[in-house]
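*Asks:* Quick one, structure for this:
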Amino acid sequence: MKWQNAIKDYKHYLKIERGLSNNSIESYVRDVQKLILYLEQNSISISPIMIEKNVIQPFIYDASKSINARSQSRLISGLRSFFSYLIFEDYRKTNPLDHIESPKTGRKLPDTLSIKEIDTLIGAIDLSKSYNTIYIGERNRAILETLYSCGLRVSELINLKISDLFFNEGFIKVTGKGDKQRFVPIGLNTQNYINIWKQERTKININQEYMDTLFLNHRGAQLTRAMIFTIIKELAKAINLNKTISPHTFRHSFATHLLENGADLRAIQLMLGHESITTTEIYMHVDRSHLKDILLKHHPRK
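*Replies:* Numbers count the residues shown, from 1 in each chain. Here you go, the predicted structure:
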């Protein structure tokens, strides 16, 4: 079996069997391609079926010179997944990564914004900014309000449809990882900002394939992930915010602020679309100061 054939089949498996997004698939494949490049540079001719630990280990060691522990751990995990797939398809009997340990990275706590910082960021949006009489500032305000009030991933935001809005019921339908759908509550203020943008949206000459897509650029096409990053980075620069933030920062802030105000962890899990509660539990480590207040308020032996 050739490496490129194995990768092609692996990508199909990740998409069809595991239901991963294109971005996740490319990330997994990138790990394997790094190994292939290493083999080529070192004139090592060996198939994915025959490769063993004695080849993998020097590759990991070589990679560790230029990447941090977290990236190294990610690389090992990605390769382990690839060879597990080959075992699943009966191409191999063992995984050459089984006895290669990942470096200890600790648990990275998510960056968050304070409520004041979020208000300042959104307040810095130039609502008079327009393209061809279309007020893009109104779109940007609706985007940030939706990210923060609903805790969406950036991919979920750019794929949000008008037909996903159930404002009468107070919910939006979100399509997350693996095309799994969930209903997330949405507040009246955010509904109002989205409705204002929808009025602006009617002025756009929309491409036929994006007629149902909520957030568009002024040319009538779907926004890219990169564009959302750019909008946020420009606002952070405008207010001299000394934090490195991204669309995911709003999602982290959404979860953290809910938890700090006494929301149930299970409810946060459902709204975020986390498959496992352990993923949501990371927010328990962000700020424990509120736990003392909860104890004093609710425990009979306070």
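
*Asks:* give the contact list for the closest residue in space to G78 that isn't next to it in sequence.
*Replies:* Leaving aside its chain neighbours, G78 sits nearest to D31 (3.0 Å; criterion: CB to CB, 6 or more residues apart in numbering). Backbone N, C-alpha and C define where each C-beta goes, glycine included. Counting by CB atoms under 8 Å, 6 or more residues apart in numbering, D31 touches 74-75, 78-79, 82.

*Asks:* D31 and I204, how far apart?
*Replies:* D31 is 40 Å from I204, where distance means CB to CB, to the nearest Å.

*Asks:* What of N140?
*Replies:* Distance, N140 to I204, using CB to CB: 15 Å.

*Asks:* Could you report the pLDDT at the residue lying closest to F88 once chain neighbours are set aside?
*Replies:* Here the nearest residue to F88 in space, its sequence neighbours aside, is Y13; by CB to CB, 6+ apart that works out to 7.9 Å. As summarised for this prediction, Y13 has a pLDDT of 86.

*Asks:* follow-up on the earlier one: tell me which helix or strand the residue nearest to G78 sits in.
*Replies:* D31 is part of helix 22-41 when elements are defined by DSSP states H and E.

*Asks:* for I125, same thing?
*Replies:* Taking DSSP H and E as the definition, one finds I125 inside no helix or strand.

*Asks:* Surely it is in contact with L235?
*Replies:* Yes - between I125 and L235 a contact is recorded at 6.7 Å, counting by CB atoms under 8 Å.

*Asks:* So for these two, which residues contact both of them?
*Replies:* Residues touching both I125 and L235 (CB under 8 Å, 6+ apart): L144.

*Asks:* pLDDT score for K108?
*Replies:* On the pLDDT scale, K108 is placed at 58.

*Asks:* and if you look at I136?
*Replies:* What the model reports for I136 is a pLDDT of 92.

*Asks:* Tally up the residues packed near it, please.
*Replies:* The local packing of I136 (other CB atoms under 10 Å) involves 21 other residues.

*Asks:* Contacts only, for the residue lying closest to it once chain neighbours are set aside.
*Replies:* Ranked by CB to CB, 6+ apart and with sequence neighbours excluded, the top spatial neighbour of I136 is K129, at 5.3 Å. With contacts defined as CB under 8 Å, 6+ apart, the neighbours of K129 are 135-137.

*Asks:* what about 10 Å?
*Replies:* With CB atoms under 10 Å, 6 or more residues apart in numbering as the criterion, the residues that contact K129 are 135-140.

*Asks:* roughly how far apart are the residue nearest the centre of the chain and G176?
*Replies:* To find the centre residue of the chain, average its C-alpha atoms and take the closest one (CA atoms, centre = their mean): that gives R153, at 5.0 Å. Using CB to CB, one gets 7 Å for the distance from R153 to G176.

*Asks:* Residues in contact with both of those two, list them for me.
*Replies:* With CB under 10 Å, 6+ apart as the test, R153 and G176 both reach 21, 159, 272-273.

*Asks:* Looking at these, state which has the most neighbours.
*Replies:* Using other CB under 10 Å as the contact criterion, the top neighbour count among the shared contacts of R153 and G176 goes to L272, which has 23 neighbours.

*Asks:* Quick check: that one touching R182?
*Replies:* Yes - the pair L272 and R182 qualifies as a contact (CB atoms under 10 Å) at a distance of 8.8 Å.
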